[in-house]
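1. Here is a sequence together with a model predicted from it:
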Amino acid sequence: MAMAAEGGAEAARAARRDPGRPASLELLFDLVYVFALVSLTRALADDVTWTGLAGTVVLLLAFTLIWSLTTWSADTLDTGRRIVRWQLLGVAMASLLLAAAAPDAYEDRGLLFAVTYLVLHLGSGAAYLVANLLGGHDPAEPRRSGRIVAWEAVAGIGWIGGALVEGHTRLAFWGCAVAVEYTAAVLGWPLPRIGRSRAREWRLTGERMAERYRQFVIIALGVAILVTGTTFSQQPYTPGRAAALVVVFTTVVLMWRIYIYRAGELLTEAIARSTNPPRLTQSAAFTHLTMVAGIAGSAVTSHLVVLRPFGDTPPRWAALILGAPALFLVGRGLLDYTVFGRISRSRAAGVVLLAGAAPASSLLPPVLLALLAMAVLFLIAAANLVSTRLHTREPRPPALG
């Protein structure tokens with residue numbers, strides 16, 4: 001009787017929950033990823049090398065895959081159920097451990113990172129299967145989780161193998177493991193006999209997922225501001241650092257403006273109008289990953305520019321100062337295509353302008369190069385505003401099979 005009453009109470013809570021809004025527990029889960037992004041940006045800021053950049057990208061892809069799969073599964077399984085809430089808390093705790101180990105993942109904490117990462121994936125798959133047996137009754141769940149667990153077991157060879165070696169070899173192993181994971185995800189985690197996962201199996205709510213993606217971008221922007229403010233507060237005050245603070249903060253504001261206006265605002269409506277809403281919802285995850293990677297790179301840029309606004313600009317610094325906003329614009333262009341079925345010319349023009357500024361990077365100090373990148377973003381934001389006032393934009397998502 002008590003168990004029946006408890007089940008009824010959970011059903012009632014699930015019925016009262018607005019399906020278009022993320023659960024409060026998911027917002028708590030997101031706070032862990034604030035720490036994760038801060039850890040990754042600080043690690044890259046301390047090792048601005050091509051190897052450091054590659055290593056950070058691999059770890060960022062790993063964290064983002066966890067966030068995406070957890071978010072999709074929470075939407076499919078309903079966070080109003082107790083077992084799903086406990087599973088989400090378990091993922092948050094494991095993600096916190098991963099984030100704490102990330103700065104030393106390529107040194108003495110490699111095995112800790114790899115084992116925690118695999119336990120998180122495999123444990124989540126097992127928890128989803130148990131949740132389905134205890135009341136979900138979704139016939140697609142065993143196949144959905146089974147596919148992911150099988151592919152994670154394959155990728156696990158690379159993760160554990162990499163943890164047992166050192167240096168560039170570890171990076172190569174882990175890079176291959178992430179490549180396997182993302183290739184499998186793009187292909188729908190195909191397996192013999194049961195085939196590949198279809199987007200409709202996930203039962204994603206477009207309004208809710210669009211809000212979750214927006215929150216992910218806001219997390220990244222918040223990390224950029226946090227890193228900027230922390231670096232400024234830890235250094236002696238100089239007018240040059242104050243100017244750098246203004247430049248990098250304005251850059252973050254412009255990224256927010258470019259993101260939200262207007263594709264970011266209209267993503268929910270685009271998903272509703274799509275011929276295949278679940279697939280469009282999943283493809284939007286990859287566009288947001290690209291933008292978040294660009295914003296995270298800008299967070300590293302903020303640290304470097306505020307730390308040393310004047311002097312020579314090393315080529316690796318220039319690659320970050322110009323490459324991070326360019327990557328953000330690439331992701332924003334993909335979001336344009338997702339929402340409007342076309343890519344805005346201003347995004348492509350911005351990437352070209354940033355690339356064109358690269359030859360002059362050796363002649364400019366870091367703060368002026370950052371100012372140049374900020375000016376490009378300002379022109380794009382202004383062009384967006386003018387274009388929207390002249391032409392009404394309606395969502396026209398591409399046809400998806």
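-> Received it, and whenever you're ready, just let me know what you need.
2. Which parts of the stretch 301-401 of the chain are helices?
-> In the stretch 301-401 of the chain, the helices defined using DSSP state H, counting those that start in this stretch lie at 315-340, 345-356, 366-390.
3. Oh, that last question was meant for the stretch 101-250 of the chain, not what I typed.
-> Under DSSP H, counting those that start in this stretch, the stretch 101-250 of the chain gives helices at 110-131, 141-163, 167-187, 206-234, 239-259.
4. CA atoms only: put stretch 110-128 into PDB for me.
-> Taking C-alpha atoms only, stretch 110-128 is exported to PDB below (Å, rounded to 0.1, in the frame of the first residue of the first chain):
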ATOM      1  CA  GLY A 110      44.500   9.700 -16.000                       C
ATOM      2  CA  LEU A 111      43.300   6.400 -14.700                       C
ATOM      3  CA  LEU A 112      40.900   8.100 -12.200                       C
ATOM      4  CA  PHE A 113      39.500  10.200 -15.000                       C
ATOM      5  CA  ALA A 114      39.100   7.200 -17.400                       C
ATOM      6  CA  VAL A 115      37.500   4.800 -14.900                       C
ATOM      7  CA  THR A 116      35.100   7.500 -13.600                       C
ATOM      8  CA  TYR A 117      34.100   8.400 -17.100                       C
ATOM      9  CA  LEU A 118      33.400   4.800 -18.100                       C
ATOM     10  CA  VAL A 119      31.600   4.000 -14.900                       C
ATOM     11  CA  LEU A 120      29.400   7.100 -15.400                       C
ATOM     12  CA  HIS A 121      28.400   6.000 -18.900                       C
ATOM     13  CA  LEU A 122      27.900   2.300 -18.200                       C
ATOM     14  CA  GLY A 123      26.200   3.000 -14.900                       C
ATOM     15  CA  SER A 124      23.800   5.500 -16.500                       C
ATOM     16  CA  GLY A 125      22.800   2.900 -19.100                       C
ATOM     17  CA  ALA A 126      22.100   0.300 -16.300                       C
ATOM     18  CA  ALA A 127      20.200   2.900 -14.300                       C
ATOM     19  CA  TYR A 128      18.000   3.700 -17.300                       C
END
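5. list the buried ones in it?
-> By neighbour count on 16 or more other CB atoms under 10 Å, the buried set for stretch 110-128 is 110, 112-114, 116-118, 120-121, 124-125, 127-128. Just so you know, the C-beta spots here come from the backbone N, C-alpha and C atoms, and that holds for glycine as well.
6. now stretch 269-285
-> 269-271, 273-274, 276-285.
7. thinking again about what came up before, do you know which of the helices of the stretch 101-250 of the chain lies nearest Phe29?
-> helix 206-234 (10.3 Å; CB to CB).
8. Could I get the average pLDDT for the closest one?
-> Over the span of helix 206-234, the pLDDT mean works out to 95.
9. roughly how far is that helix from the heart of the chain?
-> 10 Å (CA atoms, centre = their mean, to the nearest Å).
10. So which other helices or strands are in contact with that helix?
-> Here helix 206-234 touches helix 24-46, helix 50-77, helix 239-259, helix 265-273, helix 277-307, going by 3 or more CB pairs under 8 Å, 6 or more residues apart in numbering; DSSP states H and E.
11. and the residue minimising distance to the centre of the chain, what does it touch?
-> Residue closest to the average C-alpha location in the chain (CA atoms, centre = their mean): Leu289, at 4.0 Å. Shown in contact with Leu289 (CB atoms under 8 Å, 6 or more residues apart in numbering): 61, 64, 68, 331.
12. Next: Tyr337.
-> Taking CB under 8 Å, 6+ apart, one finds 343, 398 in contact with Tyr337.
13. Return the distance of it relative to Asp47.
-> 34 Å (CB to CB, to the nearest Å).
14. do the same with Ala101
-> In this view, Ala101 and Asp47 are 16 Å apart by CB to CB.
15. for the chain, what are the low-confidence residue spans?
-> By pLDDT under 70, the weakly predicted segments of the chain are 1-20, 136, 401.
16. switch to 80 and redo it
-> The model of the chain has pLDDT under 80 over residues 1-21, 23, 78-80, 135-137, 388, 391-393, 400-401.
17. who's in contact with stretch 60-71?
-> 26, 29, 33, 36-37, 40, 88, 91, 95, 98-99, 102, 117, 120-121, 124, 148, 174, 178, 181-182, 185, 209, 212, 216, 285, 289, 292-293, 296.
18. Restricted to buried residues, select those residues in PyMOL.
-> Under the burial definition 16+ other CB under 10 Å, those of these that qualify are selected in PyMOL by:
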select buried, resi 26+29+33+36+37+40+88+91+95+98+99+102+117+120+121+124+148+174+178+181+182+185+209+212+216+285+289+292+293+296
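19. From Ala127, how far out is the nearest residue to Leu304 once chain neighbours are set aside?
-> Spatial nearest neighbour of Leu304, chain neighbours left out: Trp317 (5.7 Å); criterion: CB to CB, 6 or more residues apart in numbering. Applying CB to CB, the value for Trp317 to Ala127 is 43 Å.
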